[in-house]
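>>> Pasting the sequence and the predicted model now:
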Amino acid sequence: MRMPLRAALTVAGAVLVSAAPALTFASASTVGARATGTFFYHSPDSGDVEIEDPDNGECRLLLQGATSAANRTDARATLFLDRLCEEPAGITLSPGEARTFTSPLPHSVMFG
């Protein structure tokens, strides 16, 4: 027995509509959340710098780039080569991880 096209589209639409709130809730659960802890990094000109309890998903500038970093937050820290978190450095520090960097230095970080 074949279902008419109109009925099939109605069923498919109902499934999408009922799933939409769950998808919205899942993606919104990390937006606005904060990482707890401190991200430490060393800058060639500014010395030792700390970022306290950073917001997840917010791009944070690393002054003059970072020669080393220690992620003492409870979130992953993804590093970027540019200042706007658009050019990935291919480096993500897990909570508790520390690392030293050589050229090119990362210039921004995003948590979450």
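On my side now, so go ahead. This structure is a prediction, so every number in the text was calculated from the model and none was measured.
>>> quick one, strands of the protein?
For the chain, the strands defined by DSSP state E cover 37-43, 47-52, 59-61, 68-73, 77-80, 88-93, 98-100, 108-111.
>>> what's next to the last one, contact-wise?
To tie it back to what came earlier, the one meant is strand 108-111. With C-beta atoms under 8 Å, 6 or more residues apart in numbering as the test, strand 108-111 has contacts from 35, 39, 41, 51, 54-62, 66, 69, 73, 75-80, 82-85. C-beta coordinates here come from the backbone N, C-alpha and C atoms, glycine included.
>>> Please apply the same query to the fifth one.
The set of residues that contact strand 77-80 without belonging to it, under C-beta under 8 Å, 6+ apart, is 39, 59, 62, 66, 69, 71, 85-89, 91-93, 106-111.
>>> That one - which strands sit beside it in the sheet, and in what orientation?
Using DSSP bridges, the strands paired with strand 77-80 are strand 88-93 (antiparallel), strand 108-111 (antiparallel).
>>> for the second one, same thing?
Pairing partners of strand 47-52, with direction, according to DSSP bridges: strand 37-43 (antiparallel).
>>> By mean pLDDT, point me to the weakest helix or strand of the protein.
One helix or strand of the chain scores below all others by mean pLDDT, DSSP states H and E: helix 5-28, with a mean of 42.
>>> If I look at the closest residue to C85 other than its chain neighbours, what pLDDT would I see?
Excluding its sequence neighbours, the residue lying closest to C85 (C-beta to C-beta, 6 or more residues apart in numbering) is C59, at 3.6 Å. Reading off the confidence values, C59 has pLDDT 98.
>>> Contacts only, for C59.
C59 makes contact with F80, L84, C85, S108, V109, M110 under the criterion C-beta under 8 Å, 6+ apart.
>>> count of residues packed around the last one?
Same thing as M110. The number of residues packed near M110 is 20, by other C-beta atoms under 10 Å.
>>> my read: A98 touches A66, true?
No - checked against C-beta atoms under 8 Å, the pair A98 and A66 is beyond contact range at 11.3 Å.
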